[in-house]
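Participant: Here's my sequence, what's the structure:
(one chain, ligands or ions: 1)
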Amino acid sequence: MILLPLVFAAAAAQAPAISAERIREDVRVLASDEFGGRGPGEEGDRRTVEYLSKSFAAAGLEPAGVDGLWTQPVSLVRLDRRPGATLSLAISGRTMHLTPGENATLALRNVGRTEVTEAPLVFGGYGVVDPARAWDAYEGVDLRGRVVVLLANDPDFEAGRDLGFEGRRMVLAGRIGSKFEAAAKAGALGVLVIHEDAAASYPFLQVGSGDAVPAFVLAPLKPSSLQLSGWLRLDVARDLLAGAGLELESLKRRSRAASFRAFTIRDATLSASGELAATEVLSHNVLAKITGASRPDEYVLYGAHWDANGRNGPDAKGDAIRNGAVDNATGTAEVLEIARAFAKGPRPARTLVFAAWTAEEKGLLGAERYAANPIHPLAKTAAVINLDPHVVLPAAHDIELIGGGRTDLELRLAEVAARLGLRVTPEANPEAGWYFRSDHFPFAKRGVPAIAFRAGRDLVDGGTAAGSAIVEPYNARDYHQTSDEFDPRWTFAGTVQEATVAYELGRALANDGSWPGWNPGVEYAALRLASEAERSATPRPR
Ligand SMILES: [Zn+2]
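Facilitator: Take a look at the predicted model:
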């Protein structure tokens, strides 16, 4: 086993070097306080876009945005809840006054004043409406004027067996956004999700501190029939349920059946008030390219989100800047460094596009904007490689695949990794639904084969225990917080591994003319097939 890092070093040495030092410098700059946490529409936005454009230009790339520019405009609406919002629950005559950010969160959905008085509460189980799986928690239930209380994740995440929702791994219907959509369609006025660490995949600290962060949507803002949504801290939820003679564990068991139907929680209501202000914000994706030597109208796209969570009021230590050093200055720095490596080497057959997306943290908005209005046709984009690793680790023996089992790109990844002396391991927390949570997803759902991975936890020095000892505290304490800051002790050795694997994978795809595809039965396969004729007759690999 001691030989593996040497093998890695030898294989990597044949490629133009991915430099830990240049990645370090880009991460240091992007995560510095001067960049203000890179919040879209904040002062750090302009600085970041300028820094990235200049860095791509300095590397010798061509602009790949609109009108020959380095950028693609992304029109957003910023939604700020004004101070003074109230939220309370009443159960069997007892009122529980909640404090948004502390024991619940409150997102208002419509601009101006929202006033909800004693809306009845309905328990909706997992809130899954999925005709393909013959599940509909709301069938025959009138949700108009009501607020539905839901469990997080999907029905079989804790079932110990597969109920049609991929077992422990989360399916899209388990994402909170899918639940909001389903409840809105069923006529609900509001949604509250019961927070549990494992089901939500992050501690309440994360959602609680997110309460202060403004929401963004792609412009134009559409009015919503759903007036509010939020999380309930677990103790509050248990208290509420107990007041109605209900108990969480038995509700979960009942909710794990296709026959489950939402039911009214007796003598339980929600009241809320608050005001939402909307501001139009113009942000930008940054796009650069290296035009292909022999297949210039075919593309391999690298992407990483440049945004983090900006300035959102001071924490207990007086720090107001959520620097986003790990998430995602590292991925952004990797895309820059991969671009430099390609610019120094021989021009590949296909065109390489390098994208730094805005507003990922607000719901994948920059990548969604591009995928809905592609500058380079999606039908001829062979693959999307997304870098949003969420870890900064020393050298590892493995690369962690996010959301595996979907595309034959994973076979290519395994080959490339093996050549570099790395093995591919499955993601540690499939219940977190990471495949739906970063910028490859807007492409995948439109049929473009897309892959995401990060350095594995099996560290050369200390194995998996050492890796987990770095990753787990980050996820629990630092993710999206003011403490996600640049650490001068980072070696970036794992980051170099990520970038080297990404470089080699993209290089193979850019030169061999193959069209990766989706595995049989994967829901995105049919969409890709629909654009088959637009691609050349080049055979697919294998
Ligand atoms: Zn991220």
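Participant: Which parts of the stretch 351-500 of the chain are strands?
Facilitator: 381-386, 398-401, 423-426, 450-455 (DSSP state E, counting those that start in this stretch).
Participant: List the contacts of the second one.
Facilitator: Outside strand 398-401, the residues that touch it by Cβ atoms under 8 Å, 6 or more residues apart in numbering are 410, 413, 417, 422-428, 451, 453-458, 497-498, 501. For glycine as for every other residue, the C-beta is placed from the backbone atoms N, C-alpha and C.
Participant: again, 6 Å this time
Facilitator: When contacts are defined by Cβ atoms under 6 Å, 6 or more residues apart in numbering, strand 398-401 is touched by residues 417, 422-425, 427, 453-454, 456, 458, 501.
Participant: Same question for the last one.
Facilitator: Where contact means Cβ under 6 Å, 6+ apart, the residues beyond strand 450-455 that reach it are 384-386, 389, 391, 393, 396, 399-402, 409, 438, 440, 443-444, 494, 497-498.
Participant: Provide the strand pairings for that strand, with the direction of each partner.
Facilitator: Applying DSSP bridges, strand 450-455 is found paired with strand 381-386 (parallel), strand 398-401 (antiparallel).
Participant: Kindly list the longest helix within this protein.
Facilitator: Assignment by DSSP state H gives helix 493-511 as the longest helix of the chain.
Participant: Need the contact partners of whichever helix or strand comes after that helix.
Facilitator: Using DSSP states H and E, the helix or strand that follows helix 493-511 towards the C-terminus is helix 525-530. With contacts defined as Cβ under 6 Å, 6+ apart, helix 525-530 is touched by 447, 518.
Participant: Stretch 133-147 now?
Facilitator: For stretch 133-147, the surrounding residues in contact (Cβ under 6 Å, 6+ apart) are 119-122, 124-125, 127-129, 164, 186-190, 258, 260-262, 270.
Participant: Would you mind listing which of the residues you listed are buried?
Facilitator: Neighbour counting with 16 or more other Cβ atoms under 10 Å marks 119-122, 124-125, 127-129, 186-190, 260, 262, 270 as buried within the contacts of stretch 133-147.
Participant: Next secondary structure element downstream of the helix or strand encompassing K179?
Facilitator: In this assignment (DSSP H and E), K179 forms part of helix 176-185. Remark: after helix 176-185, the chain's next helix or strand is strand 190-194, criterion DSSP H and E.
Participant: residues of the helix or strand just after that next one that come out buried?
Facilitator: The helix or strand immediately downstream of strand 190-194 is helix 197-200, counting by DSSP H and E. In terms of neighbour count (16+ other Cβ under 10 Å), helix 197-200 has its buried residues at 199-200.
Participant: which other residues reach helix 197-200?
Facilitator: Contacts for helix 197-200 (Cβ under 6 Å, 6+ apart): 152-153, 203.
Participant: Out of those, show me where the pLDDT dips lowest.
Facilitator: Lowest in pLDDT among the contacts of helix 197-200 is P203, which has 89.
Participant: That residue: how many residues sit nearby?
Facilitator: Using other Cβ atoms under 10 Å, P203 is surrounded by 15 other residues.
Participant: Which residue is the nearest non-sequential neighbour of it?
Facilitator: Nearest residue to P203, sequence neighbours excluded (Cβ to Cβ, 6 or more residues apart in numbering): D197, at 5.3 Å.
Participant: Now mean neighbour count, distance to E181 and mean pLDDT too, for the strands paired with strand 450-455, in JSON lines please.
Facilitator: Formatted as JSON lines, these follow (neighbours: other Cβ atoms under 10 Å; distance: least, Cβ to Cβ, whole Å; pLDDT from 0 to 100):
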{"stretch": "strand 381-386", "mean neighbour count": "26", "distance to E181": "23", "mean pLDDT": "98"}
{"stretch": "strand 398-401", "mean neighbour count": "23", "distance to E181": "28", "mean pLDDT": "97"}
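Participant: Nearest to the ion, out of the ones you listed?
Facilitator: Proximity to the ion (Cβ to the ion) singles out strand 381-386 among those, at 9.5 Å.
Participant: anything in that closest one near the ion?
Facilitator: No - using Cβ under 5 Å from the ion, strand 381-386 stays clear of the ion, with a minimum separation of 9.5 Å.
Participant: could you check the angle helix 493-511 makes with that strand?
Facilitator: For strand 381-386 against helix 493-511, the angle by axes from the mean of the first three to the mean of the last three Cα atoms, to 10 degrees is 180 degrees.
Participant: can you list contacts of strand 381-386?
Facilitator: Against strand 381-386 from outside (Cβ under 6 Å, 6+ apart): 299-303, 409, 438-440, 443, 448-452, 502, 506, 509, 515-516.
Participant: I'm done for today, thanks for sticking with me.
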